[in-house]
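Visitor: build me a model:
(one chain, ligands or ions: 1)
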Amino acid sequence: MARKFFVGGNWKCNGTAEEVKKIVNTLNEAQVPSQDVVEVVVSPPYVFLPLVKSTLRSDFFVAAQNCWVKKGGAFTGEVSAEMLVNLDIPWVILGHSERRAILNESSEFVGDKVAYALAQGLKVIACVGETLEEREAGSTMDVVAAQTKAIADRVTNWSNVVIAYEPVWAIGTGKVASPAQAQEVHDELRKWLAKNVSADVAATTRIIYGGSVNGGNCKELGGQADVDGFLVGGASLKPEFIDIIKAAE
Ligand code: PEP
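Guide: Model prediction:
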């Protein structure tokens, strides 16, 4: 089965209501390939989710940037998967490296979140990726496999999971992985899924790349056999996000 190209925009902790409206207007006016060719999902900060959801074109979808690990309750400051479902938010990003590093989210905690969010009916963009130190020590695949295993140990149905391979050294740094570096990890990750989950999950799960993707490098990266799209940070706040969506063509 062909894997539909996926382009996610992670707006992180950026924007005012006015800026968000401007980005949505730009997206709404853009000529992009049809939904049959590319799935587009943008992820504003929580507070702007209702605004974006209610004003964004209907062929683009919305994601939250995180959710709580279990049912809501006495967890001050958290937002539950049930709340996202209640607002009709279809997607959530989990395990982003900024949360793993700054908020100390362990792979097990991320795996628990992925399983819980899926069980509530959300679709999940699950992020994995190595630090520069880990890459230089030759342990890229061990790290990525361990992060993926923490998810695989807790998840049986992968049909609503997209894996985002995001090398930490490439996020927000302008140092993009070369197409060959991205392809190598995506290929190994797919082989890991084939061996440890199933051939079907390996063949059908989208593995997208994230880390300094922009309008200039997206075409070559997206042309790699196992790169099924992108998770875009900085460039998703700019009009060049449209060019990145067009890399699906
Ligand atoms: C990200 O935060 O997921 C990301 C890929 O950021 P950037 O594109 O800015 O490197």
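Visitor: SS state for residue 66?
Guide: At residue 66 the chain is in coil, as set by DSSP: H, G, I helix; E, B strand; the rest coil.
Visitor: please name the nearest non-neighbouring residue to it.
Guide: With sequence-adjacent residues excluded and distances taken as CB to CB, 6 or more residues apart in numbering, residue 66 is closest to residue 99, at 6.3 Å. Bear in mind the C-beta positions are built from the backbone N, C-alpha and C, glycine included.
Visitor: what about that neighbour, which SS state?
Guide: Going by three-state DSSP: residue 99 is helix.
Visitor: next, count neighbours for the spatially closest residue to residue 152 that is not a sequence neighbour.
Guide: Excluding its sequence neighbours, the residue lying closest to residue 152 (CB to CB, 6+ apart) is residue 197, at 5.4 Å. The local packing of residue 197 (other CB atoms under 10 Å) involves 18 other residues.
Visitor: how distant is the longest helix seen in the chain from the center of its chain?
Guide: Criterion DSSP state H: the longest helix present in the chain is helix 179-196. Averaged C-alpha coordinates place helix 179-196 at 16 Å from its chain's average position (CA atoms, centre = their mean, to the nearest Å).
Visitor: in the helix or strand just after that helix, what's buried?
Guide: Counting by DSSP states H and E, the next helix or strand C-terminal to helix 179-196 is helix 199-204. Across helix 199-204, burial judged by 16 or more other CB atoms under 10 Å covers 201, 202.
Visitor: tell me what helix 199-204 is packed against?
Guide: Secondary-structure packing of helix 199-204 (3 or more CB pairs under 8 Å, 6 or more residues apart in numbering; DSSP states H and E): helix 179-196.
Visitor: any idea which helix or strand carries the residue of the chain most remote from its centre?
Guide: Here the centre of the chain is the reference, and by CA atoms, centre = their mean the most remote residue is residue 74, at 28.0 Å. Counting by DSSP H and E, no helix or strand carries residue 74.
Visitor: ok, residue 162 next?
Guide: Taking DSSP H and E as the criterion, residue 162 maps to strand 161-165.
Visitor: got the contact list for the residue lying closest to residue 32 once chain neighbours are set aside?
Guide: Nearest non-adjacent residue to residue 32, counting by CB to CB, 6+ apart: residue 245, 4.7 Å away. By CB atoms under 8 Å, 6 or more residues apart in numbering, the residues touching residue 245 are 7, 30, 32, 33, 38, 40.
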